[in-house]
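Colleague: sequence unknown, structure follows:
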């Protein structure tokens, strides 16, 4: 029993220390962000690396998620004689929930791991230490542009995911299942509210972008400078980001209802 309590106390203390360190790290990133915006070239490179290079997986995933929504929506709503409302079903599902959440999970798996492993490798090969010896702040030069690039990329990727998902739902519902295309769009337009639904989804994608990007660069920057440490930091990035995204999704949804 004593050993169990000791392990629980050690785990809780380690969690609180890591949580506090991550919040201080985020505060430092936010303080350095205005100055980093004066060097847009670095940010554009990171938007390309984290955003443009993730477009393929985002678009393919969005297409098939939308197609599944089209199939399930028609099958479910037809039981109530309301299959023409599949457009509203797909639109609200993608804009408010699936678009931001699935995009964040895919971002963590593709771009987040790339950021963590890249910065972790710089730590393992003493590149960050070398920059410090030359009086160059590695957080300002390496970490902040990657953080900003991820934050900018996330809402854009979520928008692409949602748009492609709606196209997939339209193709399946209208072309395959025979739903009237006029009903598909006319049912969606009055029921999807710009402020309540679209801005809610945009807010989620922005918050998820801040969380996913911060966790990726934090784990990479604090990785143990060994091959095993870099691998562990990459794994922690995916696991922790996935949990944090789902927790934040619940909190934002509960707060904005």
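Modeller: Good, I have the coordinates. Here the structure is a predicted model, which means the values were calculated and not measured.
Colleague: Show me what the helix or strand hosting residue 237 is packed up against.
Modeller: Taking DSSP states H and E as the criterion, residue 237 maps to helix 227-256. Counting contacts by 3 or more CB pairs under 8 Å, 6 or more residues apart in numbering; DSSP states H and E, helix 227-256 packs against helix 99-107, helix 113-124, helix 199-221. C-betas here are computed from N, CA, C, even on glycine.
Colleague: now, of those, which is deepest in the fold?
Modeller: Across the helices and strands packed on helix 227-256, averaging neighbours per residue (mean count of other CB atoms under 10 Å) puts helix 99-107 on top, at a mean of 26.
Colleague: Against which helices or strands is that helix packed?
Modeller: Contact here means 3+ CB pairs under 8 Å, 6+ apart; on that basis helix 99-107 packs against helix 55-77, helix 144-170, helix 199-221, helix 227-256.
Colleague: Tabulate those helices (CSV), appending distance to residue 21 and mean pLDDT.
Modeller: Output for the helices and strands packed on helix 99-107, formatted as CSV (distance: least, CB to CB, whole Å; pLDDT from 0 to 100):
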stretch, distance to residue 21, mean pLDDT
helix 55-77, 31, 92
helix 144-170, 16, 94
helix 199-221, 8, 93
helix 227-256, 13, 92
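Colleague: any chance of those in a markdown table, plus distance to residue 49?
Modeller: Below are the helices and strands packed on helix 99-107 laid out as a markdown table (distance: least, CB to CB, whole Å):
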| stretch | distance to residue 49 |
| --- | --- |
| helix 55-77 | 12 |
| helix 144-170 | 7 |
| helix 199-221 | 12 |
| helix 227-256 | 16 |
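Colleague: which one of the ones you listed lies closest to residue 112?
Modeller: The closest of the helices and strands packed on helix 99-107 to residue 112 is helix 199-221. By CB to CB, the value is 4.0 Å.
Colleague: Let me know the angle separating that closest one from helix 144-170.
Modeller: Angle of helix 199-221 versus helix 144-170, following axes from the mean of the first three to the mean of the last three CA atoms, to 10 degrees, is 140 degrees.
Colleague: Renumber starting at 551 from here on
Modeller: All right, first residue 551 from here; so that's helix 749-771.
Colleague: quick check: angle from helix 749-771 to helix 649-657?
Modeller: Our comparison of helix 749-771 with helix 649-657, counting by the same axes, to 10 degrees, yields an angle of 20 degrees.
Colleague: related to what we said a few turns ago, next, format the helices and strands packed on helix 777-806 as TSV and append distance to residue 624.
Modeller: Below are the helices and strands packed on helix 777-806 laid out as TSV (distance: least, CB to CB, whole Å):
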stretch	distance to residue 624
helix 649-657	20
helix 663-674	36
helix 749-771	23
